[in-house]
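**Student:** Any chance you could fold what I've pasted below:
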Amino acid sequence: MRDKQAEILHAIQMPTPEEVLQNMVRGQYGEGAIDNGKVPTYRSEPNVSPTSNTETFVALKLKIDNWRWGDVPFYLRTGKRLGKRVTEIAIRFRRTPFMLFRKTPIKDPRTNQL
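**Tutor:** Presented below is the predicted three-dimensional model:
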């Protein structure tokens with residue numbers, strides 16, 4: 001299992017500078033509330049510089065360069081102080097090359113998601 005995980009990590013395509021701008025977002029958490037108590041912004045935390053550029057959140061789209069996962073986007077989001085902890089796998093099926101039920105009243109059927 002560990003070898004397969006390493007294989008996938010090595011197959012991640014390095015994004016071009018244009019893809020970084022289009023497919024990746026970084027940021028810091030702002031003021032909020034936890035259990036009805038106010039919490040400060042990241043830069044207001046103790047021992048954090050008020051001019052810090054350290055990211056506390058990232059969202060990105062990755063591509064894997066191998067035959068099994070080619071053309072399958074992987075979306076990752078992680079960060080500190082998010083509203084809830086979630087691990088989710090969503091599979092969106094591709095559209096079929098032909099319409100099986102041609103006389104359906106739906107003009108543009110959407111792909112299914114699991």
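
**Student:** How many residues are close by residue 66?
**Tutor:** When neighbours are defined as other Cβ atoms under 10 Å, residue 66 has 13 of them. The way it works is simple: take the backbone N, C-alpha and C, and place the C-beta from them, glycine included.

**Student:** List phi and psi for it.
**Tutor:** Dihedral angles of residue 66 (phi, psi; degrees, to the nearest 10) stand at phi -150, psi 170.

**Student:** same thing with residue 41?
**Tutor:** phi -70, psi 160.

**Student:** just residue 25 next, same as before
**Tutor:** With angles defined as degrees, to the nearest 10, residue 25 shows backbone torsions of phi -130, psi 130.

**Student:** what about the residue nearest to it when sequence neighbours are not counted, distance to residue 69?
**Tutor:** Distances taken as Cβ to Cβ, 6 or more residues apart in numbering put residue 59 closest to residue 25, at 4.7 Å, once the chain neighbours are dropped. Distance of residue 59 to residue 69, computed by Cβ to Cβ, to the nearest Å: 19 Å.

**Student:** With residue 81 instead?
**Tutor:** With distances defined as Cβ to Cβ, the gap from residue 81 to residue 69 amounts to 31 Å.
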